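Q: Provided below are the primary sequence and the corresponding predicted coordinates.
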Amino acid sequence: MMKIKILFTLICSTLLLSCYAQQPTDSTADKMLVYQLGNGGWPKQLDDKSVVNYGAALTPELLAKIKATKDLHATFDNKATSREVVYLVKAYKKTQNKAYLAAAEKGLDYILSAQYANGGWPQYYPDKASYRSEITYNDDAMINVLNILQDIATQTNDFEVVNLAYIKKAEKAVTKGIDCILKTQVKQNGTLSIWAAQYDKDSMLPAKARAFEPASLSTSESVGIVRFLMRLKNPSPEVKNAIAAAVKWFDTYKIVGYRFDRNKNISALVADHTANTWARFYDLDKNTPIFGDRDNTIKTKLEELSPERRNGYAWYGNWGQKLIEKEYPKWLSTNGK
């Protein structure tokens with residue numbers, strides 16, 4: 001009798017493995033399953049600081065490194081976690097491989113658990129070391145997450161495939177996230193401007209990150225925030241005011257007739273009558289460009305930076321140009337002021 005039960009179990013296991021093997025697969029999605037951490041998030045780098053690379057073969061050595069990577073490495077930085085959730089949802093829709101959807105939903109659980117009560121998201125979770133616990137707009141970390149949750153709430157961009165139970169959760173998280181965005185828009189003598197890249201998770205005041213990333217108005221991240229707000233249907237008066245004020249700021253402080261040439265030898269603003277540009281960081285009160293160096297000093301001129309920092313960072317960019325020239329007018333035609 002015991003031999004029959006064992007034989008039956010082996011046959012069932014073989015059939016299950018056969019069924020799984022016959023499911024359509026996606027090689028990148030399969031690797032994402034391997035990299036996913038126990039808490040549902042993904043790292044941007046492993047314990048040995050090697051960068052996650054889905055193009056690399058999963059050698060025994062790499063598999064050992066992945067297995068050794070701790071949950072503390074889970075992050076939203078450099079598109080980590082948001083990138084994988086989006087990819088896995090699309091891979092599931094294409095292949096109907098349930099393992100991909102299960103991993104994506106585990107990632108969604110991680111995203112929801114990482115949100116602060118005030119609506120913000122940290123750069124890393126659960127790691128709270130240094131600036132990793134700050135509310136992080138930097139490199140669109142929080143906005144990438146909010147776009148996913150908005151896709152769930154509106155059943156768009158393939159996210160209609162996730163469990164319907166996530167809709168209410170996503171709607172609640174988006175509402176809290178919008179509230180955080182509105183509360184963190186920097187006011188200057190009562191006038192709304194744009195946003196900083198990071199905020200203290202408790203005081204919700206602008207905060208510094210790396211030595212060369214001072215507490216300041218941050219143009220690149222603010223464009224991402226405005227674009228997210230413009231996604232919202234039937235925006236509230238508060239949201240409309242936030243968008244209009246940010247666009248006005250971008251229009252007021254654009255640097256006309258210059259582009260940023262970045263290279264290994266010397267990066268500089270170059271005259272170009274066809275271009276508009278903005279500094280990456282502006283003083284919180286004066287709206288003047290500022291630049292941070294590795295030694296924590298703040299400079300007011302690009303030329304004052306050490307060569308390594310001057311040539312190693314995108315200090316200027318045309319981030320706001322498309323926003324003020326095309327996207328905002330289009331939004332305004334539908335939503336009014």
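A: That came through fine. In this text the structure is predicted, and so the values were computed from the model without any measurement.

Q: what ranges of the stretch 51-200 of the chain fall below the confidence cut-off?
A: By pLDDT under 70, the stretch 51-200 of the chain contains no weakly predicted segment.

Q: Now do the helices in this protein.
A: Assigned by DSSP state H, the helices in the chain fall at 2-22, 27-35, 60-68, 82-95, 98-114, 141-154, 165-184, 219-231, 237-252, 307-310, 321-322, 328-335.

Q: Show me the chain divided up by domain.
A: 23-182, 185-337 (automatic domain parsing).

Q: any chance of those in CSV, with mean neighbour count too?
A: For every residue, glycine as well, the C-beta is placed using N, CA and C. Below are the domains of the chain laid out as CSV (neighbours: other CB atoms under 10 Å):
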stretch, mean neighbour count
domain 23-182, 18
domain 185-337, 17
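
Q: just to revisit the earlier point, among the helices of the chain, which comes closest to residue 258?
A: helix 321-322 (12.0 Å; CB to CB).

Q: Need the per-residue pLDDT for residue 24.
A: Looking at residue 24, its pLDDT stands at 89.

Q: Can you verify my assumption that it contacts residue 92?
A: No: counting by CB atoms under 8 Å, residue 92 is not a contact partner of residue 24; they are 10.2 Å apart.

Q: In contact with residue 41, which residues?
A: 71, 74, 75, 80, 81, 107, 110, 111, 114, 125 (CB atoms under 8 Å, 6 or more residues apart in numbering).

Q: Please determine how far the fourth one is located from residue 107.
A: In this case it means residue 80. 10 Å (CB to CB, to the nearest Å).

Q: Now list whatever residues contact both of those two.
A: In terms of CB under 8 Å, 6+ apart, residue 80 and residue 107 are both contacted by the residues 41, 42.

Q: ok, so what distance separates the residue nearest the centre of the chain from residue 219?
A: In the chain, the residue lying closest to the centroid (CA atoms, centre = their mean) is residue 141, at 2.3 Å. From residue 141 across to residue 219, the span is 16 Å (CB to CB).

Q: and if you look at residue 174?
A: Using CB to CB, residue 174 is found at 24 Å from residue 219.

Q: on that earlier part again, my understanding was that the residue nearest to the centre of the chain contacts residue 76; is that so?
A: Yes: using CB under 8 Å, residue 141 is in contact with residue 76, at 4.1 Å.

Q: Need the overlap of contacts for those two.
A: 82, 121, 123.

Q: from those, which is closest to residue 324?
A: Nearest member of these to residue 324, counting by CB to CB, is residue 82, at 26.2 Å.

Q: got the CA coordinates for stretch 77-92 in CSV?
A: This file holds the C-alpha atoms of stretch 77-92, laid out as CSV (Å, rounded to 0.1, in the frame of the first residue of the first chain):
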residue,chain,number,x,y,z
ASP,A,77,15.7,53.2,-6.4
ASN,A,78,16.8,53.0,-10.0
LYS,A,79,13.4,51.6,-10.9
ALA,A,80,14.0,48.5,-8.9
THR,A,81,10.7,46.7,-7.9
SER,A,82,8.5,48.9,-10.0
ARG,A,83,10.4,47.7,-13.1
GLU,A,84,9.9,44.1,-12.2
VAL,A,85,6.3,44.4,-11.3
VAL,A,86,5.4,46.1,-14.6
TYR,A,87,7.4,43.5,-16.6
LEU,A,88,6.0,40.5,-14.8
VAL,A,89,2.4,41.7,-15.3
LYS,A,90,3.0,42.1,-19.0
ALA,A,91,4.8,38.8,-19.2
TYR,A,92,1.8,37.1,-17.5
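
Q: what's near enough to touch residue 174?
A: By CB under 8 Å, 6+ apart, the contact set of residue 174 is 146, 149, 150, 153.

Q: Now do the contacts for the last one.
A: Pointing back at residue 153 there. Applying CB under 8 Å, 6+ apart to residue 153 gives the contacts 167, 170, 171, 174.

Q: cutoff 6 Å now
A: Under the criterion of CB atoms under 6 Å, 6 or more residues apart in numbering, the contact list for residue 153 reads 170, 171, 174.

Q: Please report the residue range of the longest strand in the protein.
A: In the chain, assigned by DSSP state E, the strand with the most residues is strand 268-279.

Q: ok, the closest residue to residue 136 other than its chain neighbours to residue 315 distance?
A: What sits nearest to residue 136 in space, not counting adjacent residues and going by CB to CB, 6 or more residues apart in numbering, is residue 123, at 4.0 Å. As judged by CB to CB, residue 123 and residue 315 stand 21 Å apart.

Q: try residue 215
A: Applying CB to CB, the value for residue 215 to residue 315 is 17 Å.

Q: now swap in residue 58 and tell me
A: Counting by CB to CB, the separation of residue 58 from residue 315 is 38 Å.

Q: now swap in residue 181 and tell me
A: Going from residue 181 to residue 315 by CB to CB gives 25 Å.

Q: just residue 62 next, same as before
A: Distance from residue 62 to residue 315, counting by CB to CB: 35 Å.

Q: try residue 102
A: Distance, residue 102 to residue 315, using CB to CB: 43 Å.
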